[in-house]
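1. no sequence for this one, just the structure:
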């Protein structure tokens, strides 16, 4: 994405505005303009950044998972960084040095094993050569200041994948008072269904130190500006890349017609999809002068949190606190600069290797990109969590022959993509995952948003062996095929049949009716035709039981104009709009953050006792105490479960007549 647009947050603002870069307002008096980016994954040249006093990059400069440009030992320690990896870092540093911002801050991310393997001194030396001494600060769980502006940066977190650079539990008590900007790769605040989640340690440090801004990345799907619940401190999730891991055939080349990392043609990568975020901060003392130089904060540079061992050299070069007032160009940094000169021959060789790879990328992956566009391959969602990387390595290249494969390792990212994206998947292949990262949540979201149309296959040895597990999964998410490692050929044959049935056509709306089978109306129902305008029925289905909609909606539509809502807030918005008077409401209880009772309370408050209300819940149907509680607080007319849905349908003709 090559565009000068950005999201702009004014001082003390709550909602950022999307503006062209040339239409940004002047910097308010005594304010510091901060330009925030993250997760560029070697595609930094595709960005056009607006000017600011301070440019912050919150990690994932590269796309290193341990299979490209570093050598790792069995215990995951880093044995060596290949010259191509250092050349990629140098390429980014050169681009960074060309940006017009007088002051810059960079941290690493979970894809930056190259930075971790090189160690802070070497990384700072690379940046110093390209950017100029003292103009940028590379921070590894430490603080720094330039003029009156104080920043603390930490790359560390507990990641949920094999992309695990800077793995550790950061000690945010190290963040000193008076810090204005907290930079972390993992977001302190990010959205979730029905609200947002906060990391209490990071948010606590932000509030304790009087922070004015958090800058982070990592969660590509969460791009935007959020605010802490207490204090309303803005938190920018500034990921530049989209959330979908894509094969080479779907990757966009950069301005020079090539990818930043030539090995993307073998491994895949990300496309740039999001705008930079610009925040104006009212910092006491105003912006630093252009000639100011960064100084490390000795008191805010403790030993980093526990992590997997890096190479011995990198451990020896671990983050050190400079003396108070010492510029970054002094001491170990000057030594590293001399080391860099001594290693110039190796760097030149690395640049040459990178150039050769780029030439191959321009003629190979770019050609594949055109081929994919011409064939118009349909999209397939592949949830392959990191607990079984071999399955992804085997299947993804084969699936990519027939589909544009959207590969997710993190279930939360996949769920958010399903909810936010307009992509209509024709098929989904999912591993079951592990606790906290379950494929089941991905499949439930897919069924809730796109109904029964996507072909769903579960790749699981456990499910393939146990009939009980298959029955439970079939009931919850409607699985078309179960396979394991030994039956992957059957999976590939099945999805190829799905591909052969795909024909170009308009994308149906997200709330398209589910293709139903099963429940038939009672005999008496067929004698009650709908005449004139059908009364409205609100069906809140939640995302936990898509089959209830599949069974009931086609039958209900014989009598009612059925309005189905998966998200409680959308149902509430429809009720509050007042455009529809509902005669009937059928509601599932939903799940935490997406509750049917919230919908029913608003319905009763706005439309009174008029609508007939039925709760579809096996739990409520069997729990008399819960029924009494719901009857007293909401006024429920009927409780049903799967077994007595016929009773619900028998009541519908009478409600039409009334």
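-> Good, I have the coordinates. Only a predicted model underlies this, so the values are computations on that prediction, with no experimental measurement involved. Residues are numbered from 1 along each chain as shown.
2. Okay, now the unreliable bits of this protein?
-> Low-confidence segments of the chain (pLDDT under 70): 1-3, 133, 298-375, 503-532, 657-658.
3. ok, now which ones touch residue 20?
-> 4-5 (CB atoms under 8 Å, 6 or more residues apart in numbering). Backbone N, C-alpha and C define where each C-beta goes, glycine included.
4. State the distance from it to residue 92.
-> Distance, residue 20 to residue 92, by CB to CB, to the nearest Å: 26 Å.
5. where exactly do the helices run in the stretch 101-250 of the chain?
-> Counting by DSSP state H, counting those that start in this stretch, the stretch 101-250 of the chain has helices at residues 113-118, 120-131, 200-208.
6. what's the nearest residue to residue 223 if we skip its chain neighbours?
-> Excluding the flanking residues, the one nearest residue 223 by CB to CB, 6 or more residues apart in numbering is residue 274, at 4.3 Å.
7. now that neighbour: how far from residue 179?
-> 26 Å.
8. Helix or strand for the residue nearest to residue 223, just tell me which one.
-> If you go by DSSP states H and E, residue 274 is not part of any helix or strand.
9. what's it sitting at in phi/psi?
-> When read as degrees, to the nearest 10, the backbone of residue 274 gives phi -120, psi 160.
10. Please report the distance of the closest residue to residue 244 other than its chain neighbours from residue 473.
-> Closest residue in space to residue 244, ignoring its immediate chain neighbours: residue 406 at 4.4 Å, by CB to CB, 6+ apart. As defined by CB to CB, residue 406 lies at a distance of 21 Å from residue 473.
11. Equivalent analysis for residue 249, please.
-> Taken as CB to CB, the span from residue 249 to residue 473 is 31 Å.
12. And residue 414, by the same measure?
-> For residue 414, the distance to residue 473 - CB to CB - is 17 Å.
13. Neighbour count: those two, which is higher?
-> Set residue 414 next to residue 473 and count neighbours by other CB atoms under 10 Å: residue 414 wins out with 29 against 20.
14. Which elements pack onto the helix or strand hosting that one?
-> Secondary structure assignment for residue 414, by DSSP H and E: helix 411-420. Applying 3 or more CB pairs under 8 Å, 6 or more residues apart in numbering; DSSP states H and E, we find helix 411-420 packed against strand 379-383, strand 404-408, strand 437-438, helix 439-450.
15. that older thread, so can I have TSV of the helices of the stretch 101-250 of the chain showing distance to residue 463 and mean neighbour count?
-> Listed next are those as TSV, based on distance: least, CB to CB, whole Å; neighbours: other CB atoms under 10 Å:
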stretch	distance to residue 463	mean neighbour count
helix 113-118	34	27
helix 120-131	45	23
helix 200-208	36	19
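16. Of all these, which one is nearest residue 262?
-> Closest approach to residue 262 among the helices of the stretch 101-250 of the chain (CB to CB): helix 113-118, 14.8 Å.
17. What is the closest one packed up against?
-> strand 70-72, strand 78-81, helix 83-98, helix 312-316.
18. name the helices or strands packed onto the third one?
-> Counting by 3+ CB pairs under 8 Å, 6+ apart, the packing neighbours recorded for helix 83-98 are helix 113-118, helix 120-131, helix 344-363.
19. List the buried residues for stretch 59-71?
-> Buried residues in stretch 59-71, defined by neighbour count with 16 or more other CB atoms under 10 Å: 59-66, 68-70.
20. how long is it end to end?
-> End-to-end distance of stretch 59-71 (CA to CA, to the nearest Å): 21 Å.
21. Now do it: distance to the chain's middle.
-> 19 Å (CA atoms, centre = their mean, to the nearest Å).
22. Also stretch 286-300?
-> 32 Å.
23. What residues sit buried inside that stretch?
-> Quick answer for stretch 286-300 (16+ other CB under 10 Å): 286-288, 292-297, 300.
24. roughly how far apart are the residue positioned nearest the centre of the chain and residue 403?
-> Note on the chain: the residue nearest the mean C-alpha position is residue 221, at 3.0 Å, using CA atoms, centre = their mean. Relative to residue 403, residue 221 is positioned 21 Å away (CB to CB).
25. Figure out the length between the terminal residues of stretch 135-153.
-> 16 Å.
26. re the thing from before, okay but the residue nearest to residue 244 is in contact with residue 245, surely?
-> Yes. Using CB atoms under 8 Å, residue 406 is in contact with residue 245, at 7.3 Å.
27. Excluding chain neighbours, give the residue nearest to residue 136 in space.
-> Nearest one to residue 136, counting by CB to CB, 6+ apart, is residue 104 at 3.8 Å.
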